[in-house]
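Engineer: Have a look at this prediction, sequence included:
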Amino acid sequence: MSSKTLGEIAALFNLTLEGEPDCIVSGVAPLNRAKGGELTFLSNRKFGKHLDSARASAVLLPSGISTNYSGNRLYSDNPHADFARITALFHPSPKSTGKVHPTASVHSTAQLGVNVEVGANCYLGKGVSVGADSIIGTNTVLEDGVTLGTGCRLYAGTVVYNRVRIGDRVIVHSGAVIGADGFGLAKDGETWLKVPQVGGVVIGDDVEIGANTTIDRGAMDDTVVGSGVKLDNQIQIAHNVVVGANTAIAACVGIAGSAIIGERCTIGGAAVILGHLEVTDDVHITAMSLVTKSIKDPGTYSSGTPLQDNALWHRNFVRFKQLDEMAKKIARLERTLDSTK
Amino acid sequence: MSSKTLGEIAALFNLTLEGEPDCIVSGVAPLNRAKGGELTFLSNRKFGKHLDSARASAVLLPSGISTNYSGNRLYSDNPHADFARITALFHPSPKSTGKVHPTASVHSTAQLGVNVEVGANCYLGKGVSVGADSIIGTNTVLEDGVTLGTGCRLYAGTVVYNRVRIGDRVIVHSGAVIGADGFGLAKDGETWLKVPQVGGVVIGDDVEIGANTTIDRGAMDDTVVGSGVKLDNQIQIAHNVVVGANTAIAACVGIAGSAIIGERCTIGGAAVILGHLEVTDDVHITAMSLVTKSIKDPGTYSSGTPLQDNALWHRNFVRFKQLDEMAKKIARLERTLDSTK
Amino acid sequence: MSSKTLGEIAALFNLTLEGEPDCIVSGVAPLNRAKGGELTFLSNRKFGKHLDSARASAVLLPSGISTNYSGNRLYSDNPHADFARITALFHPSPKSTGKVHPTASVHSTAQLGVNVEVGANCYLGKGVSVGADSIIGTNTVLEDGVTLGTGCRLYAGTVVYNRVRIGDRVIVHSGAVIGADGFGLAKDGETWLKVPQVGGVVIGDDVEIGANTTIDRGAMDDTVVGSGVKLDNQIQIAHNVVVGANTAIAACVGIAGSAIIGERCTIGGAAVILGHLEVTDDVHITAMSLVTKSIKDPGTYSSGTPLQDNALWHRNFVRFKQLDEMAKKIARLERTLDSTK
């Protein structure tokens, strides 16, 4: 693990240093367990009182904070982002070994850029193209015609169906499945007829895709995940969905077919967005909300009911069935009272 | 890619043609981007106004529609299904190569029908049986005693536990796990004792199973998925569930243990059905509904609350805890007003 | 399959036998289809009426039950647990073959205990350590530095990221991903910066992890799953979550980052627990509940709305938006009526 002086770190990330520029740090740790030689940060101003007991060699603080802390301080306008950068300094991403494992099956027509790593038991089909410096993890499958940009990392056990196109610096975690058939069915008497899914999937640059997330291929057009999109684990993106650039989606979200999500949105865990809706840019949807209509205005949206003691909940739960009736009774009471005045 | 004349297509699928029988088409595309040589269809009558600008060589329309469109027209009583059939004509499913990849591990007692394809790094255990023309994708695992019918397609990275029985023409997408242990636990003091899951899984014919969907084996009896059932991605089917024929289930649905779902049902995305319930035939459950009781009558059922601006939602959310109290207040007001009349 | 006399079974599990100690049974089956030579149990007292038609050689009953049944009876204080133990007698877990499949890639520095089985196409990275008698299923990946205790069973296609530590007798089902990066993002202008996830995952002893469940590694500290925890399929455990000992979590649950769940809790299917909350010991959360606040008292908690006929639901659904307004109207009515008295 490398070491840096506080002066070097301040210079690298354009931070203000108050303290010893020659102090050496060689790692990061949370406030409560950082020790000498480590750098920590104040994730939340309300934890400021814990600064006194900090044993870290230096603390990263938000610019402008007032504190009695007298240890080494680095000030940042965006301490969360700068702490991420400093962490990456001490924990760099693994680099490609540039080696193709002898057990990998790589089709003779596949094109590998310079310095591509292909893990054990991988399968790269006909016409697959992988950009320079990418790492294809163990047991990963890239079917015929998949294109993958430069500097990508696919973790073990990723499956990418044929013709999916993935940009540069994309990270895909294990168990993710990209390009499986969309759920296209036509009713045919009592049975369902499969609608061939002949579209593809296009993933932009700098996308991260979580473990066991599924992104289906389009029916005729493509499913599109914009650049800078971050997808957590176990998300379902149905056929022909479009996710706008820099949108972040938490785990277990489901987005139904042909929904269009704007840019810079955030979607909380386990929320569900129905099909054929449009959600505009800069919309924030809280956890477990159900989106049944298009959202035309930026803002924060929610649905759901509060957690309650089970007995109280059950009484209220049952009343929900009478809600419309209750509203009508109130209106009737108001009219009666008005007329008796 | 093959080509067909409109006359051939009309004859194949019993469609009425108005226009040139000798016009050749070689593909399909959506209305807005179909061009010469392509066939398109009107997915929804409300898009009829876009017909004028269509550049497709022919349009598939619902029988009986009145339109000014003067291009080549095919009329169908079920355009959605017929368009699926025409699409399949131009995009046929891949056929088995009939080859077993040299890296596959196939047990000496496994029985492969004629023309079975087994991909790289597959594992077929003791006594496995695979029917003719089936395709076993890369890295797929069929444990001991699995039986698979004819014309199946298992995509890369499917796992089928021991003794699972799968019918004919079944499609299983990547990451699906069929036959894992059900969640059987017996309380034993403060700890949980595992209840051995010794039942199996039986999957009918013409079933499709989505990516990362899980279907657990039964505790003592089998978990059963009827013929013609279509399962989207990331669905959880617990032990001893029975899903009736031709039921279609959207992504992220969870069905708890021993629930019995009827035939021809549809279940919307992320809905949850509790254990030991019965849902009769022809029931439709909308997205994200929670089914806490058996459903005895066909029909459409829902639960959930509407999406709202977060501030408004929060005010209403809090009031949900007072719902029973509100109902009682209304009743009291009604009585008071009655007595003062 | 082995056979036992009822006398042997009674002695093994300390059960009271009424009937023939020499009667031989060689299997278990549910009440309705158990036949001669099989043992069954009464899972629920309300099924007592079915005892008369039972054709099983013996029935396991709760101690103290009064019944007219005259066949062989075993009595237990915990029939559910004892039936599980008897079932395991006839269906013992498979034992390790102690063989490493020739297609497995095991790094020269990996340490395998005695009698470890490693399946086809497995990958065990640098410094991996596997305890005695463990079974590593086909196509499973243990990245560098993973430690696994004794008597574990990882089913086919499990992925364990680097440095994850797993205890003894842990069962992991197919498609589970342990140790993928947590969803750590820092806002950086319009884009998201990845926060390196440098913590680990620590799994205790006697844990079971369901198919396609994901457990992310911590950001700086570890994600912790306590001993005796049972996780069903498709659960998402985010970074830095702590799950207390002997807690059981049903399928499709999502637990957001840094939530702390107590011991002996049960969480129903598809429930969601938001991040940074604390749930104390002995809390039971029902299916599909959303936990938005810490829970400080043991008990049972719920949220959600009842399933209704779609038309009725829609009327009530719309009224939910007026709930706060309705409450205010009621208060106004009460005041008016009070003042008119």
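Structural biologist: Arrived safely.
Engineer: For the longest helix anywhere in chain A, buried residues please.
Structural biologist: Secondary structure of chain A per DSSP state H: the longest helix is helix A:323-340. Across helix A:323-340, burial judged by 16 or more other C-beta atoms under 10 Å in any protein chain shown covers A:323-327, A:329-330, A:333, A:336-337. Yep, even glycine has a C-beta here, placed from its N, CA and C like the rest.
Engineer: Export the residues you listed as JSON lines, with columns for pLDDT.
Structural biologist: Below are the buried residues of helix A:323-340 laid out as JSON lines (pLDDT from 0 to 100):
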{"residue": "A:L323", "pLDDT": "95"}
{"residue": "A:D324", "pLDDT": "95"}
{"residue": "A:E325", "pLDDT": "95"}
{"residue": "A:M326", "pLDDT": "95"}
{"residue": "A:A327", "pLDDT": "95"}
{"residue": "A:K329", "pLDDT": "95"}
{"residue": "A:I330", "pLDDT": "95"}
{"residue": "A:L333", "pLDDT": "93"}
{"residue": "A:T336", "pLDDT": "90"}
{"residue": "A:L337", "pLDDT": "88"}
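Engineer: Need these in a markdown table (columns: distance to chain C).
Structural biologist: Shown next, in a markdown table, are the buried residues of helix A:323-340 (distance: C-beta to the nearest C-beta, whole Å):
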| residue | distance to chain C |
| --- | --- |
| A:L323 | 4 |
| A:D324 | 4 |
| A:E325 | 9 |
| A:M326 | 7 |
| A:A327 | 5 |
| A:K329 | 10 |
| A:I330 | 5 |
| A:L333 | 5 |
| A:T336 | 10 |
| A:L337 | 6 |
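Engineer: Pick the one among those closest to C:S134.
Structural biologist: Minimum distance to C:S134 across the buried residues of helix A:323-340 is 55.0 Å, recorded for A:L323 (C-beta to C-beta).
Engineer: can you pull the contacts of that closest one?
Structural biologist: B:323, C:315-316, C:319-320, C:323 (C-beta atoms under 8 Å, 6 or more residues apart in numbering or on different chains).
Engineer: near chain C, which residues of the stretch 151-300 of chain A?
Structural biologist: By C-beta under 8 Å from any C-beta of the partner chain, the residues of the stretch 151-300 of chain A that approach chain C are A:155-157, A:171, A:173-175, A:206, A:208, A:210-212, A:228, A:230, A:232-234, A:246, A:248, A:250-252, A:264, A:269-270, A:287-288.
Engineer: Chain A - how does it break down into domains?
Structural biologist: In terms of domains, chain A is parsed into A:4-90, A:105-301, A:310-340 (source: automatic domain parsing).
Engineer: starting at the chain centroid, how far to the second one?
Structural biologist: It refers to domain A:105-301. Relative to the centre of its chain, domain A:105-301 is centred 12 Å away, using C-alpha atoms, centre = their mean, to the nearest Å.
Engineer: now for that domain, what's the gap between its first and last residues?
Structural biologist: Terminal residues of domain A:105-301 are spaced 48 Å apart (C-alpha to C-alpha, to the nearest Å).
Engineer: average model confidence for that domain?
Structural biologist: Per-region confidence: domain A:105-301 scores 98 on mean pLDDT.
Engineer: Could you do the first one as well?
Structural biologist: Confidence over domain A:4-90 (mean pLDDT, whole number) is 92.
Engineer: quick one: it to chain centroid distance?
Structural biologist: Averaging C-alpha positions (C-alpha atoms, centre = their mean) puts domain A:4-90 26 Å from its chain's average.
Engineer: OK, contacts around the spatially closest residue to A:Q322 that is not a sequence neighbour?
Structural biologist: Closest residue to A:Q322 apart from its sequence neighbours, by C-beta to C-beta, 6 or more residues apart in numbering or on different chains: B:A327 at 6.3 Å. Counting by C-beta under 8 Å, 6+ apart, B:A327 touches A:319, A:322, A:326.
Engineer: Return the distance of the first one relative to C:S302.
Structural biologist: Between A:R319 and C:S302 the distance is 14 Å, computed by C-beta to C-beta, to the nearest Å.
Engineer: higher neighbour count, these two?
Structural biologist: Each of A:R319 and C:S302 has its neighbours counted (other C-beta atoms under 10 Å in any protein chain shown); C:S302 has more, 25 against 21.
Engineer: among the domains of chain A, which is the most enclosed?
Structural biologist: Highest mean neighbour count of those: domain A:105-301, a mean of 23 (counted as mean count of other C-beta atoms under 10 Å in any protein chain shown).
Engineer: which stretches of the stretch 1-150 of chain A form helices?
Structural biologist: Using DSSP state H, counting those that start in this stretch, the helices of the stretch 1-150 of chain A run over A:6-13, A:79-90.
Engineer: so can I have CSV of those showing distance to C:T147?
Structural biologist: Below are the helices of the stretch 1-150 of chain A laid out as CSV (distance: least, C-beta to C-beta, whole Å):
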stretch, distance to C:T147
helix A:6-13, 33
helix A:79-90, 23
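Engineer: now these as TSV including distance to chain B?
Structural biologist: TSV is the format used below for these (distance: least, C-beta to the nearest C-beta, whole Å):
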stretch	distance to chain B
helix A:6-13	34
helix A:79-90	23
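Engineer: ok now do A:K4, which residues does it touch?
Structural biologist: The neighbours of A:K4, taking C-beta under 8 Å, 6+ apart as the test, are A:12, A:24-26, A:89.
Engineer: Please identify which of those is nearest to A:I295.
Structural biologist: A:L89 (39.5 Å).
Engineer: The closest one reaches A:E8, doesn't it?
Structural biologist: No. Contact between A:L89 and A:E8 fails when scored by C-beta atoms under 8 Å: they sit 9.4 Å apart.
Engineer: May I have stretch A:268-288 exported as PDB, CA atoms only?
Structural biologist: Coordinates of each C-alpha in stretch A:268-288 appear next as PDB, following Å, rounded to 0.1, in the frame of the first residue of the first chain:
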ATOM      1  CA  GLY A 268     -35.200   4.600  -4.100                       C
ATOM      2  CA  GLY A 269     -35.000   0.900  -3.400                       C
ATOM      3  CA  ALA A 270     -37.800  -1.400  -4.500                       C
ATOM      4  CA  ALA A 271     -39.700   1.300  -6.200                       C
ATOM      5  CA  VAL A 272     -41.700   0.200  -9.300                       C
ATOM      6  CA  ILE A 273     -42.300   2.200 -12.400                       C
ATOM      7  CA  LEU A 274     -45.100   1.000 -14.700                       C
ATOM      8  CA  GLY A 275     -44.700   0.600 -18.400                       C
ATOM      9  CA  HIS A 276     -45.000   3.200 -21.100                       C
ATOM     10  CA  LEU A 277     -44.600   6.100 -18.600                       C
ATOM     11  CA  GLU A 278     -42.300   9.100 -18.900                       C
ATOM     12  CA  VAL A 279     -40.500  10.400 -15.900                       C
ATOM     13  CA  THR A 280     -38.900  13.800 -16.600                       C
ATOM     14  CA  ASP A 281     -35.300  14.900 -15.600                       C
ATOM     15  CA  ASP A 282     -34.400  15.500 -12.000                       C
ATOM     16  CA  VAL A 283     -37.200  13.500 -10.400                       C
ATOM     17  CA  HIS A 284     -36.500  11.700  -7.100                       C
ATOM     18  CA  ILE A 285     -38.700   8.800  -6.200                       C
ATOM     19  CA  THR A 286     -38.500   7.500  -2.600                       C
ATOM     20  CA  ALA A 287     -38.200   3.800  -1.700                       C
ATOM     21  CA  MET A 288     -40.900   1.300  -2.500                       C
END
